[in-house]
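> Generate coordinates for the sequence data below:
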Amino acid sequence: MSYHKSTAWLPTTKKEVLQRGWDNLDVILFTGDAYVDHPSFGVAVIGRLIEAAGFSVGIVPQPNWQDDLRDFKKLGKPRLFFGVTAGNMDSMVNHYTAGKRLRSNDAYTAGNKSGFRPDYPSIVYSKILKEIYPDIPVVLGGIEASLRRVTHYDYWQDKLKRSILIESQADLLIYGMGEQPLLELLKLLDKGIPFSSLTSIQQTAFLQPLHQELPLKKKWKTLELSSHQECRGDKKVFAKNFRQIERESNKVKSRRLIQQIDEKLLVINPPFPVMKEKELDRSYDLPFTRLPHPKYSKRGPIPAFEMIKFSINLHRGCFGGCSFCTISAHQGKFIVSRSKKSILKEVEQVISMPDFKGNISDLGGPSANMYQMQGVDFAQCEKCARFSCIYPDVCVNLNTSHQALLDIYQAVTDIPEVKKVFIGSGIRYDLLLDDPDEKDPNCHQAYISELVTKHVSGRLKVAPEHTSKTVLEIMRKPSFKLFREFKQKFDQINRQKNLNLQLIPYFISSHPGSRLEDMADLAVKTAELDYRLEQSQDLTPTPMTLSAVIYYTGLHPDTLKPVFTPKSLDEKISQRRFIYWYKKENVQWIKEKLKAMGLDNHIKRLFKLKENQKISGKKKR
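Next up, the predicted model:
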């Protein structure tokens, strides 16, 4: 890999600061990830945005928190504040498997090595900075802080925890995608307004004395949540709290939230309006080198970067509303899309990279096929509080045309240096199976055909997640029959075009609502579709997701009715064995379990099918 001079990156050492001609810095950012100067890495976007706004900024990636803390002192004091983020992933998801086993690698570290960040870096880094520099404000951001801004269930400690602002001792928290509140914060601080007075910036959270009056904002309405102590004392109260938080987060215009935590009052200001196309373009058009910092050149590749270095992100947000997913809780429900001009500009940067071989690995987003999708009449969206625009059915006000996305695919494909454009992000097939767009009735079929024939690199990933109607309803996922319909279309195109592509479904075991009978259903239905599943995952209950709330409380927040949830190691292993029903070590155990459940017919369907597959010589998938 070719590296530019280190001055092309934002400074990470005092020497690099001086090379920039800066005596000191306005803002210093600490991150749990290695520093990759690329728009897919949050700290790089924030750093470049600060730079573009006319401020000096440095980055301290993966500081050593176990020695004499020299990494926390090497850039000195910032004029305005320290910014702290755990990185692109929640640190606990990064560190541990769903079974709470410590992972041996870290995709966001050079050489894929673990051990370069602590658990909960947002807390650890912030506390160290407050101890060394008690007079300098600390601002938290990123997904780890965002999902822990209010009372939340922590799966790894198996308990309810207070807002991360309490334990971290930070002064302010920016939740969600942070560009808009960050720029407002910089503008006000540069005017000389004291940090302690910055209590009315949208999309921020802070603590204040319990009986102090709330900052005056005439247009804001305020919703008081149940206190942390009340949530700890009654799981039903915590479930109700989540329902209110989720409802507010799905509104265009939400209320300010307040919550008593001991003798403090947590204040969560409402978010900024949905970003405009020009605002999102600005973030992606910043002068990134698109490479890891040269300091990593001898330490090995950074897997997370290698995976995305030839990919392009088209949009942010997801209106899927899946129970187990954090995307809408962090990025928001409403889609914000980049302009075609900005996308093509980034493609030109990618093809100029010295190791580019002609293949774009992904033109996608949180869900690959939501580009430019929004309400036809946005005024209706402003009155809506649905958690999903496509579950339990596709909203009649949602524009589901894929024409704009097809235009992007074609424009990128037409660039002479581009040989192939692949779609690596997962797609929502339920968006392709609703009623056709009235203005373009063939658009959905055209997209499926274009996708399968031109943009699949051997395998297309989709995520039905389960087969059971009961479990899918709790997951807020569509009926499994839609996967069958999509598979039929996929297989038909495969036959017509004489292709040998595979459709790879992903499933989750041990999700709330999933009993062994449901896993038996999954085994039989996937086997009858000629699948021997190779990959699956147990549920990891992450903060601020519906699944985590049900896992902890045993109740569904929408109904407050009990929901069975597998929690023990034995239950999780048993559920997973049904996914791998075809393995020799599982066969006898599964037969006995099916008999005990009175599902003898499943035995015939599953293992007679297995024998037939052996005879016909069908391959595993």
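
> quick one: residue 104 and residue 97 touch, right?
No. In this structure, residue 104 is not within contact of residue 97 by CB atoms under 8 Å, at 10.3 Å. Yep, even glycine has a C-beta here, placed from its N, CA and C like the rest.

> Looking at those two, which is more packed in?
Neighbour totals were compared for residue 104 and residue 97, and residue 97 leads with 12 against 9 (other CB atoms under 10 Å).

> Relative to residue 126, how far out is the more buried one?
Separation of residue 97 from residue 126 (CB to CB, to the nearest Å) stands at 26 Å.

> neighbours around residue 585, how many?
Applying other CB under 10 Å, I find that residue 585 has 8 neighbouring residues.

> so which strand or helix has it?
helix 584-596 (DSSP states H and E).

> ok, then the element right after that helix?
Using DSSP H and E, the first helix or strand after helix 584-596 is helix 600-603.

> State the pLDDT value of residue 616.
pLDDT, residue 616: 46.

> now residue 433
According to the model, residue 433 scores 88 on pLDDT.

> Could you check how many residues crowd around it?
Residue 433 - counted by other CB under 10 Å - has 19 other residues nearby.

> show me what contacts it?
Residues near residue 433 by CB atoms under 8 Å, 6 or more residues apart in numbering: 444, 482, 485-486.

> try residue 556
239, 474, 550, 563.

> cutoff 6 Å now
550, 563 (CB atoms under 6 Å, 6 or more residues apart in numbering).

> And it, how far from residue 475?
In terms of CB to CB, residue 556 sits 12 Å off from residue 475.

> just to revisit the earlier point, just how off-centre is the helix holding residue 585 within its chain?
37 Å (CA atoms, centre = their mean, to the nearest Å).

> contact partners of it?
Here helix 584-596 makes contact (CB under 6 Å, 6+ apart) with 577, 580-581, 602-603.

> what about 7 Å?
516, 520, 577-578, 580-581, 600, 602-603 (CB atoms under 7 Å, 6 or more residues apart in numbering).

> residues near residue 339, how many?
For residue 339, the count of nearby residues is 14 (other CB under 10 Å).

> and what of residue 185?
When counting by other CB under 10 Å, one arrives at 24 neighbours for residue 185.

> just checking, what packs against the helix or strand where it lies?
Residue 185 belongs to helix 179-190 when assigned by DSSP H and E. Contacts defined by 3 or more CB pairs under 7 Å, 6 or more residues apart in numbering; DSSP states H and E place helix 179-190 against helix 42-52.

> would you put the C-alpha positions of the helix or strand following the helix it packs on in PDB?
Once the chain leaves helix 42-52, the next helix or strand it forms, by DSSP H and E, is strand 57-61. What follows is strand 57-61, C-alpha atoms only, in PDB (Å, rounded to 0.1, in the frame of the first residue of the first chain):
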ATOM      1  CA  VAL A  57      -7.900  19.400  15.600                       C
ATOM      2  CA  GLY A  58      -5.800  16.400  16.500                       C
ATOM      3  CA  ILE A  59      -6.700  12.700  17.000                       C
ATOM      4  CA  VAL A  60      -5.300  10.300  19.600                       C
ATOM      5  CA  PRO A  61      -6.200   6.800  18.400                       C
END
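
> Now do the helix or strand following strand 57-61 against helix 42-52, angle only.
Counting by DSSP H and E, the element after strand 57-61 in chain order, helix or strand, is strand 81-85. For strand 81-85 against helix 42-52, the angle between stretch directions is 150 degrees (axes from the mean of the first three to the mean of the last three CA atoms, to 10 degrees).

> Any idea which residue is closest to the centre of this structure?
Taking CA atoms, centre = their mean, the centroid of the chain lies closest to residue 327, which sits 4.0 Å from it.

> Identify the residues contacting that residue.
318, 366.

> What does it show for phi and psi?
Note on residue 327: its backbone torsions stand at phi -60, psi -50 [degrees, to the nearest 10].

> count of residues packed around the closest residue to residue 254 other than its chain neighbours?
Excluding its sequence neighbours, the residue lying closest to residue 254 (CB to CB, 6 or more residues apart in numbering) is residue 248, at 4.1 Å. Around residue 248 there are 19 other residues, counting by other CB under 10 Å.

> Could you tell me whether residue 248 really is in a helix?
Yes. Applying DSSP: H, G, I helix; E, B strand; the rest coil, one finds residue 248 inside a helix.

> How many residues are close by the closest residue to residue 40 other than its chain neighbours?
Nearest residue to residue 40, sequence neighbours excluded (CB to CB, 6+ apart): residue 308, at 5.1 Å. A count of neighbours around residue 308, defined by other CB under 10 Å, yields 19.

> from here on, count from 9
Right, with 9 as the first residue, what we last looked at is residue 316.

> Residue 316 reaches residue 47, doesn't it?
No. Checked against CB atoms under 7 Å, the pair residue 316 and residue 47 is beyond contact range at 9.6 Å.

> Past the helix or strand hosting residue 246, which element shows up next along the chain?
In this assignment (DSSP H and E), residue 246 forms part of helix 243-257. Sequence order places strand 264-269 as the next helix or strand after helix 243-257, per DSSP H and E.

> C-alpha coordinates for that following strand, CSV please?
What follows is strand 264-269, C-alpha atoms only, in CSV (Å, rounded to 0.1, in the frame of the first residue of the first chain):
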residue,chain,number,x,y,z
ARG,A,264,-37.2,16.9,25.1
LEU,A,265,-36.8,14.0,27.5
ILE,A,266,-35.9,14.4,31.2
GLN,A,267,-35.1,11.7,33.7
GLN,A,268,-34.2,11.8,37.4
ILE,A,269,-31.0,9.9,38.2
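
> the strands in the stretch 459-608 of the chain, which residues?
Remark: strands assigned in the stretch 459-608 of the chain by DSSP state E, counting those that start in this stretch are 467-473, 510-517, 545-546.
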